[in-house]
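What follows is a predicted structure for the sequence shown.
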Amino acid sequence: LESGDESDEISTFDLTDKYIEITGGNTSLTLTYYASLADLNSDTPIADPTAYQNTSNPQVLYIRAANAAGCTTDITMTLRVLPIPTPNTMPTILEACDDDSDGDATNGMLIFDLTQSEAEIVDNESNVTVSYHITEMDAADDINPIADPTMHNVDMANANTNGQVIIYVRVESDVQIDSNMLPCYKIVE
């Protein structure tokens, strides 16, 4: 199982999420989860396997599968806590001049190089990928990235009351161990 975390490498896991995978779909098996081999040997199970907090990263857990006849087999499961990016969430605002001299930037299009703030947003963090999005939902879903963030046409007709158009920057961790897990990310306005 994998989870994301910003700093302490501790996360809460629902160990029962892997029940079908572990049992091969055999719902007649009972699984008991143990935090260590010593706990398995002393039959001291994890009290609540639906909300288990790891104690190390990575951490190997032990699972005992038992059938109705009392036959058992023991297996292991590794828990890993992956890093969540820690971008600068307060980057400097990008500004542009009313270059058509009509005195009203809200009625025109302005071209911005959104990548000007990328180094400031990433804040020297390695192993991250950055994408730019028009909506927060698109950034969260990782869809519809701005095709060319170095030459983005901003429609100032969409500006808020402060004369600003907000772009959502998705900073996604490149650290992935299991391709089935969604990547860890943060969104910066």
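Ah, there it is. Numbers count the residues shown, from 1 in each chain.

what about the residue lying closest to Leu37 once chain neighbours are set aside, which helix or strand?
Nearest non-adjacent residue to Leu37, counting by CB to CB, 6 or more residues apart in numbering: Tyr62, 5.9 Å away. No exception for glycine: its C-beta is placed from N, CA and C like everyone else's. Assessed by DSSP states H and E, Tyr62 sits inside strand 59-66.

residues making contact with that strand?
Outside strand 59-66, the residues within contact range by CB atoms under 8 Å, 6 or more residues apart in numbering are 15, 22-23, 29-37, 39-40, 46, 52, 72-79.

Now, of these, which are buried?
15, 22-23, 29, 31-35, 40, 46, 52, 77, 79 (16 or more other CB atoms under 10 Å).

Pairing partners for the strand holding Tyr62, with directions?
Using DSSP bridges, the strands paired with strand 59-66 are strand 30-34 (antiparallel), strand 72-83 (antiparallel).

Keeping just the C-alphas, turn it into PDB.
C-alpha atoms of strand 59-66 as PDB (Å, rounded to 0.1, in the frame of the first residue of the first chain):
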ATOM      1  CA  GLN A  59       7.300  -0.800   6.900                       C
ATOM      2  CA  VAL A  60       6.700  -4.500   6.400                       C
ATOM      3  CA  LEU A  61       3.500  -5.800   8.000                       C
ATOM      4  CA  TYR A  62       2.600  -9.500   8.500                       C
ATOM      5  CA  ILE A  63      -0.800 -10.900   7.600                       C
ATOM      6  CA  ARG A  64      -2.200 -14.300   8.600                       C
ATOM      7  CA  ALA A  65      -4.900 -15.700   6.300                       C
ATOM      8  CA  ALA A  66      -7.100 -18.400   7.900                       C
END
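
Distance from it to the middle of the chain?
In terms of CA atoms, centre = their mean, to the nearest Å, the centre of strand 59-66 is set 26 Å apart from its chain centre.

Buried residues, stretch 154-167. List them.
Val154, Met156, Val165, Ile167.

what about Ile121, helix or strand, and which?
Ile121 belongs to helix 118-122, assigned by DSSP H and E.

That helix: what's the following helix or strand?
Next along from helix 118-122, by DSSP H and E: strand 128-133.

Pull the residues that contact the helix or strand that that following strand is followed by.
Heading C-terminal from strand 128-133, the first helix or strand you meet, by DSSP H and E, is helix 136-141. Helix 136-141 has contacts (CB under 8 Å, 6+ apart) with Ser131, His133, Asn144, Pro145, Tyr168, Val169, Arg170, Ile187, Glu189.

if you set the cut-off to 7 Å instead, what comes out?
His133, Asn144, Tyr168, Arg170, Ile187 (CB atoms under 7 Å, 6 or more residues apart in numbering).

From these, pick the one nearest Leu94.
Checking those against Leu94 with CB to CB, the nearest one is Tyr168 at 13.6 Å.

how close does the closest one get to Cys97?
Distance of Tyr168 to Cys97, computed by CB to CB, to the nearest Å: 24 Å.
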